[in-house]
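Chemist: just coords:
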């Protein structure tokens, strides 16, 4: 994902890098990976009977009402007949395009809805191209740069995973394009005599507008009268914005810690705002899990190292906050305090230690961001809960493994920065189907107590999960770099804890999704310009490419199978499902991509309940040939391919080669955009995706010049289910 930049051409390039460790990716390099069959025969405990015999439970489990639980990010597989995964992809692939339009497969219609600035209630004027809408009005408008989202089926006033006629569409707004929000563009005044973090100052109204454009939107939708697609329910009581000013609760082991006490809440249980919300997820009980990714960019830090402990200083720097750091281009801390409408409206974005204690400043305000945050869209008065037990880092998304009655709930997460790590959380509480619809109380049960793990990818195709638990694996006061005094410090400084465990540095771990067919876990590794360039990020089997020693430009998708099919296991086997590459880059096109399915920089990732994998891109390396895109894929399983050697001389295992049957380009976005955020209606008849930072005038009002991020609603022209042409025509369930 990307962050604020008033130069649109640089929109893809703002990525935080703050891993100073020299963790080697692996201990040894071997030329031959064990194939899956030999592993199954070996001592891992994963047998064919155990793995494949578990599939009915991996995919689903009946609850007391007959709902089907599981299937990756769905709490219930919708009962729309016995739809199964297609054997091949029969639609005609969409060609490359760099036009200022969007293109979708033949037989489908792609329609823009809910663009930036859309009013969610009456009494607020429509968006106008003059950019003069008040900052305050954005508390009730669609925010900017739409990202992760989820379609919550609604029946009456309650969540119903099978309902398609009525829903709450919940989505993130990751960042803002300042120059397109303000009537003055990106306006900054300069004061060269000021302290470094205050040399550039912004207008209070511009900052207030941007704060309100971040966060989450909840929008009620209803099926259109013609039965194809949806429209917003105007003035719905559920329509809601949660912004960077909304009060949020800290929950779990960090709540009340000295590390999160601020002037706003000296007790350390609340903070103000959710921020830089990137990918998203669903909880098995039916709440929305939003993620805080590049929160670093909205904070500033002056010269205060002498007032902080060695651990505090290292902890800040490990997340990119060095002294005299003004933040990125947001500069939310800089407006004149006399312009503030609420106490510390702007100063709260300055983490500099200026008071006698944490209760007198916002030195620990920074520590209250970077969490998975749970929202109950059906309770418009509920307070967002920052689930601290899942760790603090640049969360990309959060995907749970299919749940099973009586077993822990498992969530997977990536830390989207170069050389960062992959994590999973295993709940202490075991799953009960009776918790579906339990709202935030169910979240208290499953998300406040459990074990956070970080992944180590071994060179031989095996892997292990190491627990980030205080008192284990050297996570205690004896740690020489950052002494850990308790579990709160382990979680607040999860990156440093993972460093201590020698976790594997990855090429920007982004979206995670779990196959409902096999239970294999997939993660996009978008790209990494430092791979094979910096000594601390050498090529390795799990990150094996560096083109002419110039980094991994095109990214790849890694996947793994947990031992015994048990997602709570502490060991796994892995391979690389797909390598992104232009089809004519023969030395790097290790997956055999062709003109119909080549791609670069995979980012968004979503298994629909049938087992179709949707892949989205956020690319800057191939955009001279094609804008960012959405592809449909039919993956196999871990170790279904062969050994390969990259141009960097690294041996690794790649999955089954790509073909026109198993992966195709389904959609291409407009010039300059990122294709991101994805969800599907339970009847499979509408697919929703988001378009971020489009170029030129895409999304603008009629006759306007200002491009706007928006949601795209994709439907079949004949009203049938998405990819219906791929199903067996003799199967009555697909009619």
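Modeler: Alright, I've got the coordinates. It should be emphasised that the depicted structure is a prediction, and the values quoted were computed from it without experimental measurement.

Chemist: all helices of the stretch 501-650 of the chain, in order?
Modeler: With DSSP state H, counting those that start in this stretch as the definition, the stretch 501-650 of the chain shows no helices.

Chemist: The chain too?
Modeler: Secondary structure of the chain by DSSP state H: the helices cover 36-41, 48-53, 55-59, 178-181, 204-213, 310-318, 439-447, 487-492, 494-500.

Chemist: Dump those helices into a markdown table; add mean neighbour count as well.
Modeler: Glycine gets a C-beta too; all of them are placed from N, C-alpha and C. Shown next, in a markdown table, are the helices of the chain (neighbours: other C-beta atoms under 10 Å):
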| stretch | mean neighbour count |
| --- | --- |
| helix 36-41 | 15 |
| helix 48-53 | 14 |
| helix 55-59 | 18 |
| helix 178-181 | 21 |
| helix 204-213 | 24 |
| helix 310-318 | 19 |
| helix 439-447 | 21 |
| helix 487-492 | 25 |
| helix 494-500 | 25 |
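
Chemist: Can I get the ones you listed in CSV including distance to residue 138 and mean pLDDT?
Modeler: Converted to CSV, these look like this (distance: least, C-beta to C-beta, whole Å; pLDDT from 0 to 100):
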stretch, distance to residue 138, mean pLDDT
helix 36-41, 51, 30
helix 48-53, 50, 24
helix 55-59, 41, 26
helix 178-181, 8, 92
helix 204-213, 4, 97
helix 310-318, 30, 95
helix 439-447, 26, 98
helix 487-492, 31, 98
helix 494-500, 32, 98
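
Chemist: Figure out which of those is closest to residue 270.
Modeler: helix 439-447 (14.8 Å; C-beta to C-beta).

Chemist: Which one, of the helices of the chain, ends up nearest to residue 275?
Modeler: Closest approach to residue 275 among the helices of the chain (C-beta to C-beta): helix 204-213, 8.7 Å.

Chemist: Can you pull out the residues in contact with the closest one?
Modeler: 116, 134-136, 138-139, 141, 143-144, 173, 176, 178, 181-182, 184, 187, 241, 243-245, 273, 330-332, 334-336, 339-341, 345-346 (C-beta atoms under 8 Å, 6 or more residues apart in numbering).

Chemist: Show me what residue 119 bridges to in the sheet.
Modeler: residue 141 (DSSP bridges).

Chemist: wait, it sits on residue 126?
Modeler: Yes: the pair residue 119 / residue 126 is scored as a contact, 6.5 Å apart, by C-beta atoms under 8 Å.

Chemist: pLDDT wise, what is residue 85 at?
Modeler: Residue 85 is assigned a pLDDT of 86 by the prediction.

Chemist: that older thread, among the contacts of helix 204-213, filter down to the buried ones and hand me the PyMOL syntax, if you would.
Modeler: Burial among those is assessed by 16 or more other C-beta atoms under 10 Å; the matching PyMOL selection reads:
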select buried, resi 116+135+138+139+141+143+144+173+176+178+181+182+241+243+244+245+273+330+331+332+334+335+345+346
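
Chemist: mind checking pLDDT for the most far-flung residue of the chain relative to its centre?
Modeler: Within the chain, residue 193 marks the point farthest from the mean C-alpha position, 40.2 Å out by C-alpha atoms, centre = their mean. Here, the pLDDT recorded for residue 193 equals 95.

Chemist: wait, what's in contact with the residue lying closest to residue 635 once chain neighbours are set aside?
Modeler: Leaving out its chain neighbours, the residue that sits closest to residue 635 by C-beta to C-beta, 6 or more residues apart in numbering is residue 613, at 5.4 Å. Contacts for residue 613 (C-beta under 8 Å, 6+ apart) come out as 513, 515, 522, 605, 606, 607, 632, 633, 634, 635.
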